[in-house]
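Peer 1: A structural model of the following input is requested.
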Amino acid sequence: MKTFRSVLPMLWVCASLTVHAERPPHIVTHPASQTGIANEPVTLSVQAEGTPPFAYQWYRNYKALDGATDREITVIAPPADRTIDHYQVTVTNALGFDGSRVAYLGGYLSGPYLPGRYTFSSDGFETPFQGKAGVDASLTALSVGQKPETMQWYQDGQPIPGANGPTLYLENPQPTSQPVTFSVRATNALGSNELVRVPVTFSRNLSRPVFYDSPRQHTVTLGADAELRVNARGEDLAYQWSHDNVVVAGATSPTLSFSAVTLEQCGIYTCLVSNPHGESRTGFYFLSVKDPPRLSNLSIRARTGSDAGTLIVGFVVGNAPSGAAPFFLARAAGPALRAYGVSEAVSDPLIHVYRGNSLISENDDWGGGTWFSDQARAVGAFPFTDPASRDAALLTSFASGAYTLQIQSKDGGAGIVLTEIYETVLPSASHSSLPRLSNVSARATVGTGEDILIAGFAVAGHGARRVLIRGAGPALEAFGVSGALANPVLELYQGSTLIAANDNWSGDTALTNAAQTAGAFAWTNPQSKDAALIAALEPGAYSVQIRGAGETTGVALVELYELP
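Peer 2: Coordinates of the predicted model:
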């Protein structure tokens, strides 16, 4: 008989379930505004830090671009003067997302022109501008056109000496009873254009509200407290917060506080600040949660055959958003295991996915498609290197609910198979709507040596995850299962280290209560030889081994449940 050390590493070479320190995306290099020759290609790019893999989605004029899902895209400059395209990109991973600043793209045929935006650095809102006398301000014009260019600022039509750059600095402005008009003209080799004409009034009192800091992205632990705050200047200020463009009832103070943040509260927040002189709206505040601890990337290594020898793996998908169908990668590895020394691997596995009695997906041979290879690489699965192998794989959407994978041997011969289920994160998935694998179970014949039942899994996210693990043998007899394993022994490993074990559950009250909480079927005989344990597990890769005491054999069920 082979020892556990000879069996355990073989599982994790196959499953490749590794959890690293994780960080949400953070854009370090934003797409740059550019001008190009009209109707010619221009390349935009973004650079982000964080935990890969990243999913990218580019937007033009605030609409998603089909197929623009890479870090770098090549687009066509607008066809004529005075047409400006706005580009942005979002970067997403399993922990959250980040959005870029707007990049302006114009195509030139003649002199400089304005892409429709100018800002006041001290107050941050557009014309007409009303500032406070004695408070420095500045006016910036962004031009598009062939470089180099020269600029000249004017006050009420008269040139301002020395004001020849894109920004006009207004130092210690004095009170004005009538608006003062500022304008700027830019000139290049192709022509000259007035870029902007701005009426400005400086009063002794502040006018409409102005902001003196920027919105931020707030990422907190699920269930923790959070706070969003807007800092505004002005007289008699009134506040109204909105969440995803819906007014938040009662949120009428500069601070929006959350007690025990939920997934439903995540999203985009803005605040409308008003007073008798006008109103101003903040930019976006992003509220998201750190990926909560969860089960992920489950695998079962056991013997399968046909008919009564079919390996049956059950699992439950939770937290799928209403109407959505998140995708999972499911694989049945047989021939691919031989490269890792599994001599008795099944030669031609079949994989069928059922919801209740309904068959929703199936696969015989994976076919060597690059799509499956890319998905396996993205989730950290070991590769299927032979495109002609008889291994099975499928990518299927799973709404919330219970499912079973049935793994059979096509030619009827028994053998070892590794069944795997991996979460995938699609570019359109937001952090708060990630799917969840909340429990898994597998029923198989437990032998000796390589034929013991092994379940591999990973805990991902942040913080410890409490789990209930059970190895049922005698408890199966109540369901008419013949040949049940008389005395299962359950062992929990992290790597090659044994961290917990149980032989007989002995009717433990905590285990009974945990099973009821998790929705597991009840064990009615406290003297049965079934095995179970509860563990609080930090993020990482783990395996469960089920074997028979005294080298006995029989049918066993391994179960893994998330606990609160």
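Peer 1: Which residue ranges of the stretch 51-200 of the chain form strands?
Peer 2: Counting by DSSP state E, counting those that start in this stretch, one finds strands in the stretch 51-200 of the chain at the ranges 55-60, 63-64, 72-76, 84-93, 96-99, 103-108, 118-120, 129-132, 137-141, 149-155, 158-159, 167-170, 180-188, 191-203.
Peer 1: what's the offset of the first one from the middle of its chain?
Peer 2: Right, strand 55-60. For strand 55-60, the separation from the chain centroid amounts to 15 Å (computed by CA atoms, centre = their mean, to the nearest Å).
Peer 1: Tell me the helices and strands packed up against that strand.
Peer 2: strand 84-93 (3 or more CB pairs under 8 Å, 6 or more residues apart in numbering; DSSP states H and E). Glycine gets a C-beta too; all of them are placed from N, C-alpha and C.
Peer 1: what does the helix or strand containing residue 330 contact?
Peer 2: Residue 330 belongs to strand 327-333 when elements are defined using DSSP states H and E. Contact with strand 327-333 is made by 14, 317, 345, 349-351, 353, 363, 366, 372, 375-376, 379, 381, 384, 391-398, 405, 407, 417-424, 426, 435, 437, as judged by CB atoms under 8 Å, 6 or more residues apart in numbering.
Peer 1: quick check, residue 339 in a helix?
Peer 2: Yes. According to DSSP: H, G, I helix; E, B strand; the rest coil, residue 339 belongs to a helix.
Peer 1: Hmm, residue 385 and it touching each other?
Peer 2: Yes. Counting by CB atoms under 8 Å, residue 339 does reach residue 385; the two are 7.3 Å apart.
Peer 1: Those two - which one has more neighbours?
Peer 2: When neighbours are counted by other CB atoms under 10 Å, residue 339 comes out ahead of the other of residue 339 and residue 385, with 15 against 10.
Peer 1: Now do the contacts for that one.
Peer 2: Residues near residue 339 by CB under 8 Å, 6+ apart: residue 385.
Peer 1: let's have the chain start at 386 instead
Peer 2: Yep, numbering from 386; the last one is residue 724 now.
Peer 1: Could I get the pLDDT score of it?
Peer 2: Listed pLDDT for residue 724 reads 87.
Peer 1: And residue 487, by the same measure?
Peer 2: Looking at residue 487, its pLDDT is 81.
Peer 1: Enumerate every residue touching it.
Peer 2: Neighbours of residue 487 in contact, by CB under 8 Å, 6+ apart: 418, 471, 472, 473.
Peer 1: and the residue nearest to the last one when sequence neighbours are not counted, bridged to which residues?
Peer 2: With sequence-adjacent residues excluded and distances taken as CB to CB, 6 or more residues apart in numbering, residue 473 is closest to residue 444, at 4.8 Å. Using DSSP bridges, the bridge partners assigned to residue 444 are residue 449, residue 473.
Peer 1: how many other residues sit next to residue 444?
Peer 2: Neighbour count for residue 444, taken as other CB under 10 Å: 17.
Peer 1: check contacts around it.
Peer 2: The contact partners of residue 444, by CB under 8 Å, 6+ apart, come to 450, 472, 473, 474, 475.
Peer 1: Let's see the ChimeraX selection covering just the buried ones among those residues.
Peer 2: Listed next is the ChimeraX selection for buried residues among those, using 16 or more other CB atoms under 10 Å:
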select :472,473,474,475
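Peer 1: Now flag whichever of the contacts of residue 444 is closest to residue 534.
Peer 2: Lowest distance from residue 534 to the contacts of residue 444 (CB to CB) belongs to residue 472, with 22.3 Å.
Peer 1: My guess is residue 608 contacts residue 648. True?
Peer 2: No. Using CB under 8 Å, residue 608 makes no contact with residue 648, being 10.2 Å away.
Peer 1: Quickly list what the residue in the chain sticking out farthest from the centre is bridged to.
Peer 2: When distances to the mean C-alpha position of the chain are computed (CA atoms, centre = their mean), the maximum falls on residue 543, with 54.8 Å. Note on residue 543: beta-bridge partners by DSSP bridges are residue 540.
Peer 1: One more: residue 596?
Peer 2: Beta-bridge partners of residue 596, counted by DSSP bridges, are residue 617.
Peer 1: do you know how far it is from residue 622?
Peer 2: Residue 596 is 11 Å from residue 622, where distance means CB to CB, to the nearest Å.
Peer 1: Out of the two, name the residue with the larger neighbour count.
Peer 2: Neighbours per residue, other CB under 10 Å: of residue 596 and residue 622, the larger number sits with residue 596, 20 against 17.
Peer 1: That one contacts residue 614, correct?
Peer 2: No. Counting by CB under 8 Å, residue 596 stays clear of residue 614, with 11.2 Å between them.
Peer 1: Pipe the strands of the stretch 436-585 of the chain into TSV and attach distance to residue 698 per row.
Peer 2: Converted to TSV, these look like this (distance: least, CB to CB, whole Å):
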stretch	distance to residue 698
strand 440-445	28
strand 448-449	36
strand 457-461	40
strand 469-478	28
strand 481-484	31
strand 488-493	47
strand 503-505	58
strand 514-517	65
strand 522-526	61
strand 534-540	66
strand 543-544	78
strand 552-555	64
strand 565-573	67
strand 576-588	65
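Peer 1: Lowest average pLDDT across those strands?
Peer 2: Minimum mean pLDDT among the strands of the stretch 436-585 of the chain: strand 503-505, a mean of 37.
Peer 1: Alpha carbons of the helix or strand hosting residue 942, as CSV, please.
Peer 2: Per DSSP H and E, residue 942 falls inside strand 939-947. What follows is strand 939-947, C-alpha atoms only, in CSV (Å, rounded to 0.1, in the frame of the first residue of the first chain):
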residue,chain,number,x,y,z
GLY,A,939,-16.9,0.2,0.8
VAL,A,940,-19.0,3.1,-0.4
ALA,A,941,-18.6,6.4,1.4
LEU,A,942,-19.9,10.0,1.0
VAL,A,943,-17.5,12.9,1.6
GLU,A,944,-19.3,16.2,2.3
LEU,A,945,-17.9,19.8,2.7
TYR,A,946,-20.2,22.6,3.8
GLU,A,947,-19.7,26.3,4.5
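Peer 1: Tell me which other helices or strands that strand touches.
Peer 2: When contacts are defined as 3+ CB pairs under 8 Å, 6+ apart, strand 939-947 sits against strand 679-689, strand 821-831, strand 838-845, strand 850-857, helix 894-903, strand 925-933.
Peer 1: 6 Å - rerun?
Peer 2: Judged by 3 or more CB pairs under 6 Å, 6 or more residues apart in numbering; DSSP states H and E, strand 939-947 is in contact with strand 821-831, strand 838-845, strand 850-857, strand 925-933.
Peer 1: how about these, which one is nearest residue 434?
Peer 2: Comparison of the helices and strands packed on strand 939-947 against residue 434 by CB to CB identifies strand 838-845 as nearest, at 19.5 Å.
Peer 1: Just the CA atoms of the closest one, as CSV, please.
Peer 2: What follows is strand 838-845, C-alpha atoms only, in CSV (Å, rounded to 0.1, in the frame of the first residue of the first chain):
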residue,chain,number,x,y,z
LEU,A,838,-11.4,8.9,-1.6
ILE,A,839,-9.6,12.3,-1.8
ALA,A,840,-11.4,15.7,-1.9
GLY,A,841,-9.3,18.8,-2.6
PHE,A,842,-10.5,22.3,-2.2
ALA,A,843,-9.3,25.9,-1.6
VAL,A,844,-10.5,28.6,0.7
ALA,A,845,-10.2,32.0,-1.1
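Peer 1: Remind me what that strand packs against, helices and strands.
Peer 2: helix 389-400, strand 679-689, strand 925-933, strand 939-947.
Peer 1: Next SSE downstream of the first one?
Peer 2: Looking back up the chat, that one is helix 389-400. Per DSSP H and E, the first helix or strand lying C-terminal to helix 389-400 is strand 411-414.
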